[in-house]
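Q: Return atomic coordinates for the entry below.
(chains A and B)
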Amino acid sequence: QQQVKQSPQSLIVQKGGISIINCAYENTAFDYFPWYQQFPGKGPALLIAIRPDVSEKKEGRFTISFNKSAKQFSLHIMDSQPGDSATYFCAAVHTGGFKTIFGAGTRLFVKA
Amino acid sequence: ETGVTQTPRHLVMGMTNKKSLKCEQHLGHNAMYWYKQSAKKPLELMFVYNFKEQTENNSVPSRFSPECPNSSHLFLHLHTLQPEDSALYLCASSQESLLAGNTGELFFGEGSRLTVL
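A: Numbers count the residues shown, from 1 in each chain, chains lettered A, B, ... in the order given. All right, here's what the predicted structure looks like:
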């Protein structure tokens, strides 16, 4: 019930292409869904986040799509760039308990 | 200094050594965390401290001993470690509040890369 399942484990995309990473959760108590981005040698940092009362949130080239009934959400990176190459973690938070549950991560490599 | 600072960035130790990892946050947050990052489990929560009190110990072996003297500092004392403990140890902080809009966003340090020989 506490798990967040993330796929794929790794992803290779051509420059300019669309990168898509998917996550699914079980616990309906989660009410905040952030994505963290981690570059080599750095700690993860918040990239974009969504609450379950909206179906989509866009910030620049990054979009979260959220399907509450299916308990799934995904990150879309439009016009992917080599500088986007990093590990991406989805997460689910129960803000009442402030517990963040992370997915297993996706290593993205964008080929120039 | 800003954000979350971890020292040392790299540490090599033998199985009989005793060493400590240090974390300091300059964000005024009230919660601090230790995470272990390895190839097997990318982000594994170890300990949580809230207002200096330990609120979570995620079944971590006793060879890892956390210490939180105040809301800004967190230590992880290491002794008689095993080679499988080699990993990146990440410290994070957050502001835990029940005020509307607070999300508990985690702010991570750059990590301490530990190698146990």
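
Q: Reduced to three states, what does A:Pro52 come out as?
A: For A:Pro52, the secondary structure call by DSSP: H, G, I helix; E, B strand; the rest coil comes out as coil.

Q: From chain B, how far off is the nearest residue to it once chain neighbours are set aside?
A: Leaving aside its sequence neighbours, A:Pro52 sits nearest to A:Lys68 (CB to CB, 6 or more residues apart in numbering or on different chains; 5.1 Å). The way it works is simple: take the backbone N, C-alpha and C, and place the C-beta from them, glycine included. Applying CB to the nearest CB, to the nearest Å, the value for A:Lys68 to chain B is 18 Å.

Q: before we move on, what about A:Ala86?
A: From A:Ala86 to chain B the distance is 13 Å (CB to the nearest CB).

Q: related to what we said a few turns ago, local confidence estimate at the residue nearest to A:Pro52?
A: A:Lys68 carries a pLDDT value of 94.

Q: So what's the gap between the helix or strand of chain B with the lowest mean pLDDT and the chain middle?
A: None of the helices or strands of chain B scores lower by mean pLDDT, DSSP states H and E than strand B:53-57, at a mean of 84. With CA atoms, centre = their mean, to the nearest Å as the basis, strand B:53-57 stands 12 Å off its chain's centre.

Q: so after it, what's the next helix or strand?
A: strand B:64-70 (DSSP states H and E).

Q: From the chain's centroid, how far away is that next one?
A: 9 Å.

Q: tell me the mean pLDDT over it?
A: 95.

Q: Same check on stretch B:107-117?
A: Per-residue scores along stretch B:107-117 average to 96.

Q: quick one on the thing from earlier: now do the least confident helix or strand of chain B: which elements does it pack against?
A: Applying 3 or more CB pairs under 8 Å, 6 or more residues apart in numbering or on different chains; DSSP states H and E, we find strand B:53-57 packed against strand B:44-50, strand B:64-70.

Q: tilt between it and strand B:44-50?
A: Interaxial angle, strand B:53-57 versus strand B:44-50 (axes from the mean of the first three to the mean of the last three CA atoms, to 10 degrees): 160 degrees.

Q: Please list the outside residues in contact with strand B:53-57.
A: Taking contacts as CB atoms under 8 Å, 6 or more residues apart in numbering or on different chains, the residues outside strand B:53-57 that touch it are B:Leu45, B:Met46, B:Phe47, B:Val48, B:Tyr49, B:Pro66, B:Cys68.

Q: give the contact list for residue 59.
A: All of this is about chain A. Counting by CB under 8 Å, 6+ apart, A:Glu59 has contacts A:Ile48.
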